[in-house]
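**Student:** structure, please.
(one chain, ligands or ions: 1)
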Amino acid sequence: MTQPLKLYNTLSRRKELFEPLNPPYVGMYVCGPTVYNYVHLGNVRTFLTFDTLYRYLTFIGYKVRYVRNLTDVGHLVGDGDEGEDKIGRMAKLEKVEPMEIVQRFTNDFHTVMAQFNTIPPSIEPTATGHMVEQIEAVQTLLAKKLAYESNGSVYFDIETYNQQGGNYGKLSGRILDDLLNETRELDGQSEKRNPLDFAIWKRASPEHIMRWNSPWGEGFPGWHLECTCMSTKYLGKQFDIHGGGMDLKFPHHECEIAQGDGLTGHDPVRYWMHSNMLTVNGQKMSKSLGNSFLPAELFAGSHYLLEQAYSPMTVRFFMLQSHYRSTLDFSNDALKAAQKGYRRLANGLRVVKTMSYRPDESVSADMAKQEDIRKAVQQFYEAMNDDLNTAVAIAQVFTLLKYVNMLYLNQLQPAALGDDVFTLLKESFSTFMQDVLGLKEEGSDNQPVLEGLLTLYREYKEQRQYDKVDQIRSYFKAQGLAIKDMKHQIDWAYEE
Ligand SMILES: [Zn+2]
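**Tutor:** Okay, the predicted model is just below:
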């Protein structure tokens, strides 16, 4: 485990050497979706980021337990302590059971995650499945006087927590007084002692559907509590990595720190990681602006802002082309460029599998190219170790692709690279792409056809026998494919 991986820790606001508590084991928790609606692209970006981190940690030898929850209760409209439950509200609107809403959108979420080729987490716990743990946590916090009951609800007491050595606000860098000014409640009717206090248990109003018995009457857990209970249950009272979208930093993750610290006396998380937001044509992506689209709309090209359909791997590639801490702007131009880039890589993947080493004593070693390949491989690791800089890592994969294509077109002989570097090129190119970046070939139905085409095309190129065009054409006719498809595939296969 000698990889000098550095990760940006939101808590310390700097890149830190990643040192897990119990190597080679790594515990990673990521806040999953609230399953009341279709997963939106901003969430997808977060899950792709942490899928890539999960893949990379595994790739460099760590044994990762990856926990990503499903929020199926307690997340209220407006993200605060008041209002309807997001799931309960949908259930009322559609006149179905809340768990039907949960099931439908959990299924959708899993479908979308599979389309983007993300690896399922090791454990995917739900908030409703951990009611006992949450009630026990509330009891513990009450016993420690870090929480108080008020009118059937229980609130976390920020002031007492800070008096006992806590530092609420340290993750988001917010100053308590500023926060107080921002959140001052005017009506004086609040159940809270301090406007910053947050609910860990809420009394259910008569019309609230999702409710459980508790020592404080019928109610439901506060949204922030589930992540504390489920992360520490499966990863321990202190664990390595906690991830999520930037929008969860405050108050959700700030509250998780206070709860975890309050419950166990330990800062729960060692490395906090946050992925940045998506914009569309430079504007924040939001439903109210009409510029937010769903993954399915992207795949079908059915949103009015989309000029065409974009495949899941195109979108994955597009998202990985920018660093996860930068904002990422969706535009047709950027997506089309990503489509081109991804297809070149995917074609490289297809052809690299057909290559094997051929010793040839008449070919002299090309030391410059060998060195260039070794350097690209090295720089791929360096980029990934530099806080998961996938943008720079992908540039190295393109360097490798250049040599894959040269080999394929016989502009470079395997023997010029030597067995070692040839194997390094072949294996690095496919493992970096597939195992680390999670990019796979798409449209595998056409794969045998395409392979046949490429074999014929190669012969044609090598022998300069232009009558081979007819062979390719009849091959395609036999496969029932249109000539335009063939031409299209050749064009992108050999773009430089
Ligand atoms: Zn969470």
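**Student:** and the residue of the stretch 1-150 of the chain closest to the ion?
**Tutor:** Cys31 (3.2 Å; CB to the ion). (Glycine included, C-beta is placed from N, CA and C.)
**Student:** now do the phi/psi pair for that residue.
**Tutor:** phi -70, psi 120 (degrees, to the nearest 10).
**Student:** can you report how many residues lie near it?
**Tutor:** 23 (other CB atoms under 10 Å).
**Student:** residues near the closest residue to the ion within the stretch 101-250 of the chain, how many?
**Tutor:** Relative to the ion, the nearest point of the stretch 101-250 of the chain is Cys227 (3.3 Å; CB to the ion). The number of residues packed near Cys227 is 28, by other CB under 10 Å.
**Student:** quick check: what element follows the strand or helix carrying it along the chain?
**Tutor:** Secondary structure from DSSP states H and E places Cys227 in helix 223-235. For helix 223-235, the succeeding helix or strand toward the C-terminus, using DSSP H and E, is strand 239-245.
**Student:** and that next one, which strands flank it?
**Tutor:** strand 25-30 (parallel), strand 269-275 (parallel) (DSSP bridges).
**Student:** now do the shortest one: everything it contacts.
**Tutor:** The list of residues contacting strand 25-30 from outside it, by CB atoms under 8 Å, 6 or more residues apart in numbering, reads 20-21, 46-47, 50, 53-54, 57, 62-69, 121, 227, 230-231, 234-236, 239-244, 269.
**Student:** buried subset of those residues?
**Tutor:** Among the contacts of strand 25-30, those classed as buried by 16 or more other CB atoms under 10 Å are 20, 46-47, 50, 53-54, 57, 62, 64-69, 121, 227, 230-231, 234-236, 239-244, 269.
**Student:** confidence score at Val35?
**Tutor:** pLDDT, Val35: 94.
**Student:** ok, the one 5 residues further on next?
**Tutor:** pLDDT recorded at His40 is 88.
**Student:** same thing with Glu462?
**Tutor:** The model's pLDDT for Glu462 equals 60.
**Student:** for His488, same thing?
**Tutor:** His488 is given a pLDDT of 53.
**Student:** Asn69 too?
**Tutor:** Per-residue confidence (pLDDT) for Asn69: 97.
**Student:** wait, it sits on Phe109?
**Tutor:** No. Using CB atoms under 8 Å, Asn69 makes no contact with Phe109, being 11.7 Å away.
**Student:** find the residues that touch each one of the two.
**Tutor:** Gly32.
**Student:** how far away is Ser331 from Asn281?
**Tutor:** Computed as CB to CB, to the nearest Å, the Ser331 to Asn281 distance reads 5 Å.
**Student:** can you check Phe380 too?
**Tutor:** Phe380 is 32 Å from Asn281, by CB to CB.
**Student:** who has more neighbours, those two?
**Tutor:** Phe380 (23 against 13).
**Student:** okay, the more buried one: pLDDT?
**Tutor:** 98.
**Student:** and the helix or strand where Ile87 lies, what does it pack onto?
**Tutor:** Using DSSP H and E, Ile87 sits within helix 86-94. If you count contacts as 3 or more CB pairs under 8 Å, 6 or more residues apart in numbering; DSSP states H and E, helix 86-94 packs onto helix 98-115.
**Student:** domain map for this protein?
**Tutor:** Domain segmentation of the chain under the TED database yields 19-275, 309-435, 446-494.
**Student:** which bits of this protein sit near the ion?
**Tutor:** Cys31, Cys227 (CB under 5 Å from the ion).
**Student:** now for the host helix or strand of Tyr54, which elements pack on it?
**Tutor:** Secondary structure from DSSP H and E places Tyr54 in helix 41-59. Of the remaining helices and strands, those touching helix 41-59 by 3+ CB pairs under 8 Å, 6+ apart are strand 25-30, strand 63-68, strand 239-245, strand 269-275, strand 278-280, helix 295-300, helix 312-320.
**Student:** next secondary structure after the third one?
**Tutor:** So that's strand 239-245. Taking DSSP H and E, what comes next after strand 239-245 is helix 254-264.
**Student:** give me the distance from that following helix to the chain's centre.
**Tutor:** Averaged C-alpha coordinates place helix 254-264 at 25 Å from its chain's average position (CA atoms, centre = their mean, to the nearest Å).
**Student:** TSV for the helices and strands packed on helix 41-59, including distance to Val436?
**Tutor:** Shown next, in TSV, are the helices and strands packed on helix 41-59 (distance: least, CB to CB, whole Å):
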stretch	distance to Val436
strand 25-30	16
strand 63-68	14
strand 239-245	17
strand 269-275	17
strand 278-280	22
helix 295-300	22
helix 312-320	10
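**Student:** returning to that earlier point: orientation of the helix holding Ile87 relative to helix 98-115 in degrees?
**Tutor:** 110 degrees (axes from the mean of the first three to the mean of the last three CA atoms, to 10 degrees).
**Student:** hmm, the residue of the stretch 1-150 of the chain closest to the ion is touching Lys249, no?
**Tutor:** No. Taking contacts as CB under 8 Å, Cys31 lies outside contact range of Lys249: 10.6 Å.
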